[in-house]
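Visitor: Please find the sequence and the predicted model below.
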Amino acid sequence: MKHYLSVNDIDSLPMWVSEAITLKQNPTAYKDLGEQKTICLLFFSNSLRTRLSTQKAAMNLGMDVMVMNFGSEGWQLEFEDGVTMDQGKAEHIKEAAQVVSQYCDVVAIRAFAGLKDKEKDEAEVVLNGFKQHASIPVVNMESSVGHPLQALADAITVKENAITAKPKIVLSWAPHPRALPHAVPNSFIEMMKLQDAEFVITHPEGYELNPKITAGCTIEYDQAKAMENVDFVYAKNWSSYSNYGAILDTENNWMITQEKLGSAKFMHCLPVRRNVVVEDAVLDGSQSLVLEQANNRTFAAQIVLQKILESL
Amino acid sequence: MKHYLSVNDIDSLPMWVSEAITLKQNPTAYKDLGEQKTICLLFFSNSLRTRLSTQKAAMNLGMDVMVMNFGSEGWQLEFEDGVTMDQGKAEHIKEAAQVVSQYCDVVAIRAFAGLKDKEKDEAEVVLNGFKQHASIPVVNMESSVGHPLQALADAITVKENAITAKPKIVLSWAPHPRALPHAVPNSFIEMMKLQDAEFVITHPEGYELNPKITAGCTIEYDQAKAMENVDFVYAKNWSSYSNYGAILDTENNWMITQEKLGSAKFMHCLPVRRNVVVEDAVLDGSQSLVLEQANNRTFAAQIVLQKILESL
Amino acid sequence: MKHYLSVNDIDSLPMWVSEAITLKQNPTAYKDLGEQKTICLLFFSNSLRTRLSTQKAAMNLGMDVMVMNFGSEGWQLEFEDGVTMDQGKAEHIKEAAQVVSQYCDVVAIRAFAGLKDKEKDEAEVVLNGFKQHASIPVVNMESSVGHPLQALADAITVKENAITAKPKIVLSWAPHPRALPHAVPNSFIEMMKLQDAEFVITHPEGYELNPKITAGCTIEYDQAKAMENVDFVYAKNWSSYSNYGAILDTENNWMITQEKLGSAKFMHCLPVRRNVVVEDAVLDGSQSLVLEQANNRTFAAQIVLQKILESL
């Protein structure tokens, strides 16, 4: 594998999940693989889990790690071709990506959607800029339209907790005070397509995600109906896709409650707004898998880095 | 030892001080102890000495280190239970502390007092939030009300420089242009209670510290009288405790001078305002121990981490 | 070698360049040299190449690395002697430099010129403050008036690409929308004096650099004439030195074009403003050495650190 940019870079999900679960028994089993190899984590957006779990994964593999907050510590980047750079941007992605490639063996990038300009967000200028110009493997630590390390951790968590071969999994929109990107639901949906599951998406009308991503998925506007006999409820807020980046009517009755959850397991990528997205009782109860998901972030990142290191 | 939250977590001060002094001869003697162990340093407040000396201590022990400026790099945390998180705070301490616990073996926290709300500061929401919800040992890198790594470094420095079995040690308030927290004097006082010393606190009236902490201590409002026959003068500014966070009348005649110091040793935790807290002549003279104190920060942190690693 | 503060700390340029070129074949050949040694990188200014390449060089040598953004993570420093520190600055360079010296074996500093006060910039208060008060070797990662790690990387790049024993090298001023410091051209000129080359400086009238630095150099105001039969064109903007920090008339016809370049090699320290300093065709063409220069930053830093480690 060259890059890990989206869920579709996984060649065999069952294999990867199985290897990750094995890895948890002995996280430093491949400590020699990363010897004399360096990963550079470039953050254009804030991060807690991704920052720490990706570092941890790299260290488990014996890699050296350099972490950089690109925005505050480096230079503002220009991504357009052919422009006269006489304004605020000091460096072009062409140079930045090629230069970074000379100091490390793998580069990982986090750059959230701005949610102002759909076309620009979908062009994934930061991630694709690095992919296009870097000469080393690029890992997506959450881009404008995808968060495939999260989705892989989610798949591991589902595998570890499923009690049937084909569980029913519902991705439910939930309320939030701020406009949030589509990266997490997008990658979760793409992951569900690789997964043996009865998968349903539920959200208020107007919150339809990119139809190219949801193509072939069951969408049910009635949350209660969607959640009948559900095994896993994955809650997540996102802003409108058609009315790009907008928060439509507040739909507080979409919050996940213990009553709605029934006996299903609860999933969320974190950070989560308590009593807005989901009530305390769920997060503090035994059906919540959110901490297992966060823990699996390390092993998802480690499997990805392992595959990349093996291909170097 | 599970946590190192305050001076009172030290089970035997003479033993710890003696081990730290031995350690200085061979700082990497226990390099194997931290192999495959990770410490995460979380900064909610600025830091120079603590940042570098705690990293250095961890590296001396062979640990992997992850450093994070929580405020600027992560998410704003909510510490109250049961709230509806529909305002600025994106993540609850319950999740943050449990998640961090999954990526490392020890977590160290720095979070200064805000000095606006005494009750809130004394509740130590950040440090105690991590203590309550993390599943791993928590180290206090300076909290609202204590700085026990500094106090341990101070105890080592006193031991190395005392020429009598029971030295006279004076903690003297000193002027400062900004309102400062009580963490350093609090922990120094608590440390003095574990120490064989003739201990006197001196400050202008109105600057009484928390009476629970100073209980049993000699308080002398006359600085000159307090400093008669003193062996060690520990200078430190703090804001008013009763009129919480206030700077009372400027008392510039409280600055420590060479004349006041006489033949005593001078101590300060740094950073120090020259010619406000203490005059140049003292800091540049041979009686100043401030650099030895800073140097001992590494070994204080290392003894603490060593005790924690041995208990894992 | 104690410090690496300027190009003049190089005892034999041909030797250093030759060792650096050899090192590229096996960058971790001296991995044992830095065992149990720590370097602290202190950034008072932003950085991409310097940040990553210096870390990489230190890791190649087996050193532990601590990176700190001094301004945002630490305390504001006072550099003047004898002042009453009752304003915004919390710590004096005397303490800061001595304290940092206790936690590491080498300290590297980046602090750009402010371009407001020539005398202050030329006093190099940050770099010289550390040099004066630190007890460990100090490395200049770009100061107010010099960038000797860049100049060493440039010398390596020239050596690798020169096809004649004494190439013609032109340092050409180029336009830029912001006022830039003199550090890079200064160190490049100093390096050229150590180099066997026909060296010419060209810039619009009014952009004369510090005459102490350009003493003995050929200065040609006619860019076209300067570039006749040139082998290497080093482009760089700088603000006025005599009218300190000013941008004089915009001289857009000074941009380096493919036509002007002819068959010469193109050099720049990066970051570079495309189509302002140099046109796309040059950077995207085969005569550009900017990425080789950036790559050589690692080996320049590594040679410097190696010399320092050997002298410890």
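Guide: Looks like it came in fine.
Visitor: what's the distance between A:Ile163 and A:Lys265?
Guide: Going from A:Ile163 to A:Lys265 by Cβ to Cβ, to the nearest Å gives 10 Å. For every residue, glycine as well, the C-beta is placed using N, CA and C.
Visitor: Identify the contacts common to those two.
Guide: A:Asp231 (Cβ atoms under 8 Å, 6 or more residues apart in numbering or on different chains).
Visitor: Pick out whichever of the two has more residues nearby.
Guide: Between A:Ile163 and A:Lys265, counting by other Cβ atoms under 10 Å in any protein chain shown, A:Lys265 is the more crowded of the two (22 against 7).
Visitor: mind pulling up the phi and psi values for the more buried one?
Guide: Main-chain dihedrals, A:Lys265, degrees, to the nearest 10: phi -90, psi 150.
Visitor: Name all residues that make contact with it.
Guide: Counted by Cβ under 8 Å, 6+ apart, A:Lys265 has contacts A:Asn161, A:Asp231, A:Phe232, A:Val233, A:Gln287, A:Ser288, A:Leu289.
Visitor: how about the residues of chain A that lie near chain B?
Guide: Chain A comes close to chain B at residues A:28, A:43, A:46-49, A:51-53, A:55-56, A:59, A:69, A:72, A:177, A:270-276, A:280, A:283-284, A:290-291, A:294-295, A:298, as judged by Cβ under 8 Å from any Cβ of the partner chain.
Visitor: Make a PyMOL selection of whichever of those turn out to be buried.
Guide: Typed into PyMOL, the line below selects the buried ones among the residues of chain A next to chain B, using 16 or more other Cβ atoms under 10 Å in any protein chain shown:
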select buried, chain A and resi 43+46+47+48+49+51+52+53+55+56+59+69+177+270+271+272+273+274+275+276+280+283+290+291+294+295+298
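Visitor: Please flag which of the residues of chain A next to chain B sit within helices.
Guide: Residues of the residues of chain A next to chain B located in helices (DSSP state H): A:49, A:51-53, A:55-56, A:59, A:72, A:280, A:283, A:290-291, A:294-295, A:298.
Visitor: restrict those residues to those near chain C?
Guide: Residues of these in contact with chain C (Cβ under 8 Å from any Cβ): A:Ser72.
Visitor: C:Asn140: which of the ones in helices among the residues of chain A next to chain B is nearest?
Guide: The closest of these to C:Asn140 turns out to be A:Ser72 (Cβ to Cβ; 22.8 Å).
Visitor: wait, that closest one sits on C:Arg51?
Guide: No. In this structure, A:Ser72 is not within contact of C:Arg51 by Cβ atoms under 8 Å, at 11.9 Å.
Visitor: Name the SS class of A:Ile39, please.
Guide: Three-state assignment for A:Ile39 (DSSP: H, G, I helix; E, B strand; the rest coil): strand.
Visitor: Report pLDDT for it.
Guide: For A:Ile39, the pLDDT comes out at 98.
Visitor: The residue in the stretch 101-250 of chain A positioned nearest to chain B: what's it in contact with?
Guide: Closest residue of the stretch 101-250 of chain A to chain B, Cβ to the nearest Cβ: A:Pro177 (4.6 Å). When contacts are counted by Cβ under 8 Å, 6+ apart, A:Pro177 touches A:Arg273, A:Val276, B:Asp86, B:Gln87.
Visitor: One more pass at 10 Å, please.
Guide: By Cβ atoms under 10 Å, 6 or more residues apart in numbering or on different chains, the residues touching A:Pro177 are A:Asn237, A:Ile247, A:Thr250, A:Arg273, A:Val276, B:Thr84, B:Met85, B:Asp86, B:Gln87, B:Gly88, B:Ala90.
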